[in-house]
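Just to be clear, the model below is a prediction. Sequence and coordinates:
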2 protein chains.
Amino acid sequence: METVSENRAFGGVQGVYSHASTETGTGMTFSVYVPPHEAGAKLPVLWYISGLTCTHANVTEKGEFRQACAEHGIIFVAPDTSPRGEDVPDSAEEYDFGKGAGFYVDATREPWRKNYRMRSYIENELPGLIAENFPADMARQSITGHSMGGHGALTIGLRNADRFKSISAFSPIVAPGQCPWGEKALGRYLGEAREAWREYDAVALIEDGARHDHILVDQGTADDFLKDELKTGLLALACKKAAIPAQIRMQEGYDHSYYFISSFMESHVRWHAERLG
Amino acid sequence: METVSENRAFGGVQGVYSHASTETGTGMTFSVYVPPHEAGAKLPVLWYISGLTCTHANVTEKGEFRQACAEHGIIFVAPDTSPRGEDVPDSAEEYDFGKGAGFYVDATREPWRKNYRMRSYIENELPGLIAENFPADMARQSITGHSMGGHGALTIGLRNADRFKSISAFSPIVAPGQCPWGEKALGRYLGEAREAWREYDAVALIEDGARHDHILVDQGTADDFLKDELKTGLLALACKKAAIPAQIRMQEGYDHSYYFISSFMESHVRWHAERLG
């Protein structure tokens, strides 16, 4: 692991790091905020999974999470959204497929299957690196994310309910199998047999039996993607049918931007902190 | 005035606006955050003056001021750092002169004097536009800024001590007449006769009699520009000699970045709020 940058912030250190990933076969960059803490302490970890077109940098610069993480003593980890590099297959004309749009799957189709392994990267490889290099208590993890990364947070969290104390999301894609962004990405990464998509679809995972008692979602009512892509109502319905006590909050007048995310970030960090102990 | 964008944030509206400036003879862009407020209310205004290479966008995206401004009911205005446009003379090879480096002077030398009128723009023209278009109580204004904009905040504030209830700065250039950035900029915008520089130099203004009872400065000890460009000690000395009760805080381990600014922004907004009433 190499240090790209480290800056003091809110009494802790905001770092950006890179490493050679065995899962993606590429170099990967991620950011970690370590709040002020006593020497030898082990701190809980909050993962933040980013949205389409983003890297680790968007939330790191605009997410406004550090004050709350410093207050509650939480490490904040922000991975990239896809493999990167000249040799990675891409679809340069499309913002919603290829680089910047990994959709947190392990792709099974050519030419994507070699590099697009963001599920295994975030679920398995990166946690090992975090445990090894930071004062992290890996028995206390929670997860959040935005848009495509809200989909990532919900699906990674639901598939690993025993690992994550709590799951939250900002304007998540709740059912990629039922929206254009998701149908395009899952169809190409995984093939057209829709049964294989279900483990990458929060609504389908819940329909198939996945459960979690601590789910929080914030969704802006002025979000241009709400109706056709995000479809928050499908998650509310699935949770209701499954008797999952999810908090799904519609936020009047908010859009899809980091102005929305930062407005509610403190509330999410505090909510996770209460569940991380 | 035209609206470039408006996003709901922390219960208020973060806007970006543009207009044709008579002072600079160019189009100018600036941002305004209006916090939640009762209909008909008039709110105090905090000006944020930005640093070298920046536009309104840096602090708008990375400054983390909105939560505190929403809490205290303060309008936050962020102007650009120079005139912009194809027709504006520039020095493209230099990051510290020309576009992005207006130094908040009214230039007197060719070819700069026509467009580089950032002092008059910020002191006179833009306040009129703010008063006209936003729910601003112009009898309650304060000013802050970063680096070159910390220089801007200090000099604009000291020259207009009756207008600004309080002046703060993050890692300001305190004496442009005594550092390479300032000597280059003032020498070219104003000419080599150093007497003309003194109204654009906080330390010189204080030596020449300017006073203000509410000055707050934060400066990181790990700031690469501290020793040769910022020279905080010169301000501390000038304030001491003039019996100005300035709070000058050296912040251990902090650098020159927005990670530093955002760490102390809440503290500055709260400090101004106490003085804005």
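Sure thing, it's come through.

mind checking the SS state of A:Glu125?
With DSSP: H, G, I helix; E, B strand; the rest coil as the basis, A:Glu125 sits in helix.

Spatially nearest residue to A:Asn58 (excluding sequence neighbours)?
A:Ser50 (6.1 Å; CB to CB, 6 or more residues apart in numbering or on different chains). Where C-beta positions appear, they are placed from N, C-alpha and C, glycine not excepted.

who's in contact with A:Glu252?
For A:Glu252, the contacting residues are A:Thr221, by CB atoms under 8 Å, 6 or more residues apart in numbering or on different chains.

Kindly provide the distance from it to A:Thr221.
A:Glu252 sits 5 Å away from A:Thr221, going by CB to CB, to the nearest Å.

Then A:Tyr189?
31 Å.

Between these two, which is the more surrounded one?
It is A:Tyr189, of A:Tyr189 and A:Thr221, that has more neighbours when counted by other CB atoms under 10 Å in any protein chain shown, with 24 against 13.

Does the more buried one touch A:Trp112 like I think?
Yes. Using CB atoms under 8 Å, A:Tyr189 is in contact with A:Trp112, at 5.2 Å.

circling back to that earlier point, the residue nearest to A:Asn58 touches A:Gly149, doesn't it?
Yes. Between A:Ser50 and A:Gly149 there is a contact at 4.4 Å, judged by CB under 8 Å.

Need the residues touching each of those two.
Common contact partners of A:Ser50 and A:Gly149 (CB under 8 Å, 6+ apart): A:Thr81.

Now the most centrally placed residue in chain A: phi and psi?
Geometric centre of chain A, nearest residue: A:Ile49, 2.0 Å, by CA atoms, centre = their mean. When read as degrees, to the nearest 10, the backbone of A:Ile49 gives phi -110, psi 120.

partner residues bridging it?
A:Gly145 (DSSP bridges).

With A:Glu2 instead?
Beta bridges link A:Glu2 to A:Ser18 when assigned by DSSP bridges.

quick one: contacts for it?
By CB under 8 Å, 6+ apart, the residues touching A:Glu2 are A:Tyr17, A:Ser18, A:His19.

before we move on, what about A:Asp90?
Residues counted as contacts of A:Asp90 (CB under 8 Å, 6+ apart) are A:Gly98, A:Lys99.

which SS class is it?
Here A:Asp90 is recorded as coil under three-state DSSP.

For the nearest residue to A:Asp208 once chain neighbours are set aside, give its distance to B:Met1.
Distances taken as CB to CB, 6+ apart put A:Arg198 closest to A:Asp208, at 6.0 Å, once the chain neighbours are dropped. Here A:Arg198 is placed at a distance of 51 Å from B:Met1 (CB to CB).

the more surrounded of these two?
A:Arg198 (16 against 12).

Tell me if I am right that that one is in a helix.
Yes. Using three-state DSSP, the secondary structure at A:Arg198 is a helix.

Please report phi then psi for A:Val203.
Main-chain torsions, A:Val203, degrees, to the nearest 10: phi -60, psi -40.

and the closest residue to it other than its chain neighbours, how many neighbours does it have?
Leaving aside its sequence neighbours, A:Val203 sits nearest to A:Ala175 (CB to CB, 6+ apart; 4.0 Å). A count of neighbours around A:Ala175, defined by other CB under 10 Å, yields 26.

and if you look at A:Arg113?
For A:Arg113, the neighbour count with other CB under 10 Å is 14.

what secondary structure does it sit in?
State at A:Arg113, reduced to three classes by three-state DSSP: coil.

Next up, the contacts around it.
Residues in contact with A:Arg113 (CB under 8 Å, 6+ apart) are A:Asp106, A:Ala107.

at 10 Å instead, please
Going by CB atoms under 10 Å, 6 or more residues apart in numbering or on different chains, A:Arg113 touches A:Pro89, A:Asp106, A:Ala107, A:Tyr189, A:Leu190.

and if you look at A:Phe103?
Going by CB under 10 Å, 6+ apart, A:Phe103 touches A:52, A:81-82, A:96-97, A:116, A:118-119, A:148-149, A:151-152, A:155, A:173, A:176, A:181-182, A:184-186, A:188-190, A:200.

Name the SS class of it, please.
At A:Phe103 the chain is in coil, as set by three-state DSSP.

Could you look up the SS state of the residue nearest to A:Gly191 when sequence neighbours are not counted?
Distances taken as CB to CB, 6+ apart put A:Arg109 closest to A:Gly191, at 5.3 Å, once the chain neighbours are dropped. Three-state assignment for A:Arg109 (three-state DSSP): coil.

ok, which stretches of chain A are strands?
Secondary structure of chain A (DSSP state E): strands located at A:2-9, A:12-20, A:27-34, A:43-49, A:75-78, A:136-145, A:164-170, A:215-220, A:247-251.

buried set for stretch A:199-216?
With burial defined by 16 or more other CB atoms under 10 Å in any protein chain shown, the residues of stretch A:199-216 counted as buried are A:199-206, A:210, A:212, A:214-216.

Which single one of those residues is nearest to A:Tyr259?
Using CB to CB, A:Leu216 comes nearest to A:Tyr259 of the buried residues of stretch A:199-216, at 19.3 Å.

pretty sure the closest one contacts A:Ala169?
Yes. A:Leu216 is within contact range of A:Ala169, at 7.7 Å (criterion: CB atoms under 10 Å).

what does the stretch 101-250 of chain A have sitting close to chain B?
Counting by CB under 10 Å from any CB of the partner chain, the residues of the stretch 101-250 of chain A close to chain B are A:Gly220, A:Thr221, A:Ala222.

Please render these as a markdown table that adds pLDDT to the earlier fields.
Shown next, in a markdown table, are those (pLDDT from 0 to 100):
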| residue | pLDDT |
| --- | --- |
| A:Gly220 | 98 |
| A:Thr221 | 98 |
| A:Ala222 | 98 |
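
Okay, and the beta partners of the closest residue to A:Arg249 other than its chain neighbours?
Distances taken as CB to CB, 6+ apart place A:Asp218 nearest to A:Arg249, at 5.1 Å, with adjacent residues excluded. Going by DSSP bridges, A:Asp218 is paired in beta bridges with A:Phe170, A:Arg249.

check contacts around A:Asp218.
Going by CB under 10 Å, 6+ apart, A:Asp218 touches A:144, A:146, A:150, A:168-172, A:232, A:247-251, A:254, A:260-261, A:263-265, A:267-268.
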